[in-house]
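Undergrad: pasting the structure only:
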């Protein structure tokens, strides 16, 4: 007799050893059809597995994230089988589930997206066959014999301990190395789409074989797939690389891979972001500083970056001495602190810097403004006494909340704890981690814990913002550090007139300025609120005779702080209005003989409203007020 205990603590008994599917069917046939796997002692297992002892069991269904991950894992196998059916000489490597779907790296002749429909047609045949996934366990020797023609699988097998049994999964004629579990049969894949192809190196090593990486997505419901594909189409329309080119904001060049070029319009928006940052930080009690881009090796050894971060740093030799371009602003901030003496009365000291940093990224990982090699961090370092930790962390969280709300962004919080590779004592890490936890509790917003994902010098709170499409981006971070003040021998004089070690916070809110800029482009789909728009108004004379007067209007508006351009081309007014609308210019001003004569303006806004006969004061006052308040509301008049 086998007793099965469910999460709600109800118990069912079975005379014979039941499989997971037997347990699911004992609840109902309908429920069983939606079951994907089972969890026993925190291990995910196939429903076909026999349960041989009393167990606590959770049945994983199609409604759970774990179920969706298992479906996509199985989908990767199905995709690999389809590829082998069409390209029998292809050699499979690995095919993991990722955040948005799955991929498989395959050693094969290059293919293009034109080849994907044929692979998808083969996938449909495999899905239609409703083949089950059968688990087999073999010895290492048997596995080596089975995959003797695949050097990648041989390499993986040889890395396993000699006495370890190896699990394989077979569906139809296809067999692959795999820990499992899998869905009961291929027919559960109701919606599958291959998304793209890219290149990849075996084990991300540029000296190894170059592979074809096939990406796909799958769902239990075809409607879910259609919703996802619609989401992808909307995301493509918002692609910041395309919009940045169309709106003349920035560009990318092979002569400086991963280092974006910002155009005049892009810089106008960039400076607006900086002006807002500076205003908020000044109000929050920060001072702004600036440190050099390049510092010598001794500094980076002292900070621990040379030992822990060297592979990501660009270096040079000056006067026979090694230097590194800074990947972070922190060590320079340490030197600034040491330029004077501090008392406990001077703390907390809040110091901010928009610092240009460089980090080496593989060329294949570069992606517009989202993954670059040179970027600006809105860094700040807060030096404080131990009893100020809670208030200062809370202050950062509230500042971040104010700034993100200005852009219509919500966020969630994650606390990341000590990683395997770290500096500092156990006591320091415990104090720092507890300090962040207490501040989060006082802040009152729920948060997740990411064990082992902290910075090498301290635990951190990561702030993940959510954009208009519901995508999340990790931008802000709050990192508590007691190690760097120790390494740099930072001190302050306490109330007891003795020297004490300050505690330090590293924090960013925009994060990478370039990345945040790209997020905003996609969040607003290029249609920025008036205060942020790179071009806030455009003046359109209806004919060439009015160009000079229209130019004087543009100059006056520009002088009054409204970013204004003029389109005096010899084109029809209709065409110029249409182009201004396509470029999302919030205020389109037309100048005709009547407007010149009466010294008024005719204004068209992006929400479709037209106001005629506005005096300059009637136009300027609400526009400047709108910009000053940094409102997201499109309605100006």
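TA: That came in fine, so what should we check first? Bear in mind that the values here come from a model prediction, so they are computed numbers and not experimental data.

Undergrad: care to break the protein down by domain?
TA: Following automatic domain parsing, the chain resolves into domains at 2-61, 67-227, 250-292+327-523, 537-629.

Undergrad: Export those to a markdown table and append columns for mean pLDDT, mean neighbour count and distance to residue 530.
TA: Glycine gets a C-beta too; all of them are placed from N, C-alpha and C. Compiled in a markdown table, the domains of the chain are given as follows (pLDDT from 0 to 100; neighbours: other CB atoms under 10 Å; distance: least, CB to CB, whole Å):
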| stretch | mean pLDDT | mean neighbour count | distance to residue 530 |
| --- | --- | --- | --- |
| domain 2-61 | 96 | 15 | 48 |
| domain 67-227 | 95 | 17 | 33 |
| domain 250-292+327-523 | 94 | 18 | 11 |
| domain 537-629 | 95 | 16 | 5 |
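
Undergrad: do you know which of those domains lies nearest residue 320?
TA: Residue 320 lies closest to domain 250-292+327-523 among the domains of the chain, at 19.1 Å (CB to CB).

Undergrad: Stretch 500-517 spans what distance, first to last residue?
TA: Using CA to CA, to the nearest Å, one end of stretch 500-517 lies 40 Å from the other.

Undergrad: same deal with stretch 488-495?
TA: Per CA to CA, stretch 488-495 runs 22 Å from first to last residue.

Undergrad: cool, stretch 102-115 as well?
TA: End to end - CA to CA - stretch 102-115 spans 18 Å.

Undergrad: same thing with stretch 343-352?
TA: Start-to-end span of stretch 343-352 (CA to CA) is 20 Å.

Undergrad: Redo the domains of the chain as CSV? Include distance to residue 531.
TA: Converted to CSV, the domains of the chain look like this (distance: least, CB to CB, whole Å):
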stretch, distance to residue 531
domain 2-61, 47
domain 67-227, 33
domain 250-292+327-523, 7
domain 537-629, 5
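
Undergrad: nearest to residue 241, of those domains?
TA: Residue 241 sits nearest to domain 250-292+327-523 of all the domains of the chain, at 4.3 Å, using CB to CB.

Undergrad: what are the ranges of the strands in the stretch 401-550 of the chain?
TA: Using DSSP state E, counting those that start in this stretch, the strands found in the stretch 401-550 of the chain span residues 410-416, 447-450, 460-466, 472-481, 492-493, 499-500, 503-508, 537-541.

Undergrad: Is it possible to get a markdown table of those that adds distance to residue 228?
TA: Formatted as a markdown table, the strands of the stretch 401-550 of the chain follow (distance: least, CB to CB, whole Å):
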| stretch | distance to residue 228 |
| --- | --- |
| strand 410-416 | 22 |
| strand 447-450 | 24 |
| strand 460-466 | 17 |
| strand 472-481 | 16 |
| strand 492-493 | 54 |
| strand 499-500 | 55 |
| strand 503-508 | 31 |
| strand 537-541 | 37 |
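
Undergrad: Residue 516: which of those strands is closest?
TA: strand 472-481 (5.9 Å).

Undergrad: Of the strands of the stretch 401-550 of the chain, which is nearest residue 264?
TA: strand 537-541 (14.5 Å).

Undergrad: Can you name every helix or strand that the closest one contacts?
TA: Where contact means 3 or more CB pairs under 8 Å, 6 or more residues apart in numbering; DSSP states H and E, strand 537-541 is packed against helix 547-559, strand 564-566, helix 573-582, strand 587-591.

Undergrad: Adding distance to residue 358, write these out as JSON lines.
TA: Putting the helices and strands packed on strand 537-541 into JSON lines (distance: least, CB to CB, whole Å) gives the following:
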{"stretch": "helix 547-559", "distance to residue 358": "35"}
{"stretch": "strand 564-566", "distance to residue 358": "34"}
{"stretch": "helix 573-582", "distance to residue 358": "36"}
{"stretch": "strand 587-591", "distance to residue 358": "39"}
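
Undergrad: mind checking the SS state of residue 148?
TA: coil (DSSP: H, G, I helix; E, B strand; the rest coil).

Undergrad: Quick check, it in contact with residue 158.
TA: No - under the criterion of CB atoms under 8 Å, residue 148 makes no contact with residue 158, lying 12.0 Å away.
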